[in-house]
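[1] need a structure here:
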Amino acid sequence: MIPINAPQIGKEEIEAAVSVLKSGVLTNGLGEGPMVKRFEEKFAKFVEAKHALAVNSGTAALHMAVVAAGVTPSDEVILPSFTFVATAEAVVIAGAKPVFVDIDPETYNISPEKVENAITEKTKAIIAVDLYGSPSDLKPIREIADNHGLKVIEDAAQAHGAFYEGKPVGAYSDIACWSFYASKNMTTGEGGMVTTNDGEIAEKLKLLRCHGEKEKYRSLVLGHNYRMPEMEAAIGLVQLAKLPHFLVKRRLNAEKLSLKLEEAKNLQLPREARNCKNSWYLYTARIKEAKVEKRNAVVENLRNKGIGVEVYYSYPIHLMPYYRKFGKVKLPETEKASQQVFSLPVHPSVTSEQIDFIGYMVLESLK
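    Here you go, the predicted structure:
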């Protein structure tokens, strides 16, 4: 089976982890161990942010961002439903109400026009997701937020190395959140990062990461244990150095697969939006005008041929049982996309021969 994604782990990561174990410095009470601090500095430089805080998951990063943005239980946060559930979880855990809006059918990212229409006097923040590694259209969202006094949070969990308007993603948001889960473009096993250019927000994030403590055993606000262990940070440093190479291979695989599939007239292929550079976390195609049964049949056939195709995301959040209580909403583009999209492997371990095979089998399955 050609997996949809695979962690790219070599001897350097193993040696880095062993080195931490031998040092005896496994973590730090305030989440500021030597490896963590080095990782934060390197990652901040990579994404051109003033501040970076390493945490133990992308979900922790999102929750911290929502709280640091000043969201309270009386507030609403606008976000897409076509994303992983953690984006909405962070809002609900903070006690606020998620307000789901529709997507752009070409990029699958949140529609700025729909954001504008969803704003109420209770709206406190907007979360934009860089889905599949494709940057959200942040300039108009930034303008909307500024006009209404709102914070912009960017869920960049899938977008390491992506660019928007010539800058790394996160440049137009108040806070950006990253994941280092095992399937991501770079990994620490689990883990995440929060980046911001706002010093005041960075100080809030530090308190939230470690029990509300600015110094040991003196808690100033309600916090959590969201620290990243030293071993994960050591692995992250190695992975970050390798990330540019990973991104080049993903792009080459994606471009070659698109050449193979462009003859399929009933297939919408992933495209880079103008002035954007994707990270190609997932290569997501779409069967035009197809019903869900057709998409599922194609997926099943490809899996039977040894291709680890996946569907992200077949169940939009607003239709999940728990989230229905936040109000019934009709999101036609979201619901249509969820029935038609499927993602194919383009990660660095996929060979050129395998790309040829994947392309051929997709075309055969569409007949």
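[2] CA only for contacts and neighbour counts going forward, please
    Will do.
[3] Centre-most residue in the protein?
    residue 157 (2.2 Å; CA atoms, centre = their mean).
[4] Next one, pLDDT for that one please.
    Confidence at residue 157, expressed as pLDDT, is 98.
[5] How about it, nearest residue that isn't a chain neighbour?
    Distances taken as CA to CA, 6 or more residues apart in numbering place residue 178 nearest to residue 157, at 4.1 Å, with adjacent residues excluded.
[6] what's near enough to touch that neighbour?
    For residue 178, the contact set (CA atoms under 8 Å, 6 or more residues apart in numbering) comprises 58, 61, 155-160, 192-194.
[7] could these go into a markdown table alongside secondary structure and distance to residue 127?
    A markdown table is the format used below for the contacts of residue 178 (DSSP: H, G, I helix; E, B strand; the rest coil; distance: CA to CA, whole Å):
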| residue | secondary structure | distance to residue 127 |
| --- | --- | --- |
| 58 | helix | 14 |
| 61 | helix | 13 |
| 155 | strand | 7 |
| 156 | coil | 10 |
| 157 | coil | 12 |
| 158 | coil | 14 |
| 159 | coil | 15 |
| 160 | coil | 17 |
| 192 | strand | 17 |
| 193 | strand | 16 |
| 194 | strand | 14 |
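[8] Can I get the buried ones among those residues as something I can paste into PyMOL?
    Isolation of the buried members of the contacts of residue 178 (16 or more other CA atoms under 10 Å) is achieved in PyMOL through the command below:
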select buried, resi 58+61+155+156+157+158+159+160+192+193+194
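[9] from the contacts of residue 178, which is closest to residue 86?
    For those, the closest approach to residue 86 (CA to CA) belongs to residue 58, at 8.3 Å.
[10] Tell me where the longest strand sits in this protein.
    Counting residues, the longest strand found in the chain (DSSP state E) is strand 123-129.
[11] next helix or strand past that one?
    Downstream of strand 123-129, the next assigned helix or strand under DSSP states H and E is helix 138-148.
[12] mind listing the helices for the stretch 101-250 of the chain?
    112-118, 138-148, 199-209, 230-261 (DSSP state H, counting those that start in this stretch).
[13] quick one: which of those helices is nearest residue 95?
    Per CA to CA, nearest to residue 95 of these: helix 199-209, 15.5 Å.
[14] Which elements pack onto that closest one?
    Judged by 3 or more CA pairs under 8 Å, 6 or more residues apart in numbering; DSSP states H and E, helix 199-209 is in contact with strand 51-55, helix 58-68, strand 213-215.
[15] Tell me which strands the last one pairs with, and in which orientation.
    Looking at strand 213-215 with DSSP bridges, its partner strands are strand 218-219 (antiparallel).
[16] for the partner strand, the distance to its chain's centre please.
    Averaging C-alpha positions (CA atoms, centre = their mean, to the nearest Å) puts strand 218-219 32 Å from its chain's average.
[17] Stretch 304-315 now?
    With CA atoms, centre = their mean, you get 18 Å for stretch 304-315.
[18] mind listing what's buried in that stretch?
    For stretch 304-315, by 16+ other CA under 10 Å, it's 307-315.
[19] tell me which of the residues you listed is nearest to residue 322?
    residue 315 (12.4 Å).
[20] which residue packs closest to the closest one, ignoring adjacent ones?
    residue 338 (6.6 Å).
[21] got it, and residue 212?
    Per CA to CA, 6+ apart, closest to residue 212 is residue 223, 4.2 Å.
[22] which residues touch residue 111?
    101-104.
[23] Could you work out the most separated pair of those?
    101 and 104 (10.3 Å).
[24] who touches both of the two?
    In contact with both residue 101 and residue 104: 110-111, using CA under 8 Å, 6+ apart.
[25] neighbour count winner among those two?
    Using other CA atoms under 10 Å as the criterion, residue 101 and residue 104 rank with residue 101 on top: 26 against 17.
[26] Next one, pLDDT for that one please.
    Value listed for residue 101 in the pLDDT field: 98.
[27] what bridges to the nearest residue to residue 54 once chain neighbours are set aside?
    Using CA to CA, 6+ apart and skipping residues adjacent in sequence, the residue nearest residue 54 is residue 193, 4.4 Å away. For residue 193, the beta-bridge assignment (DSSP bridges) gives partners residue 54, residue 178.
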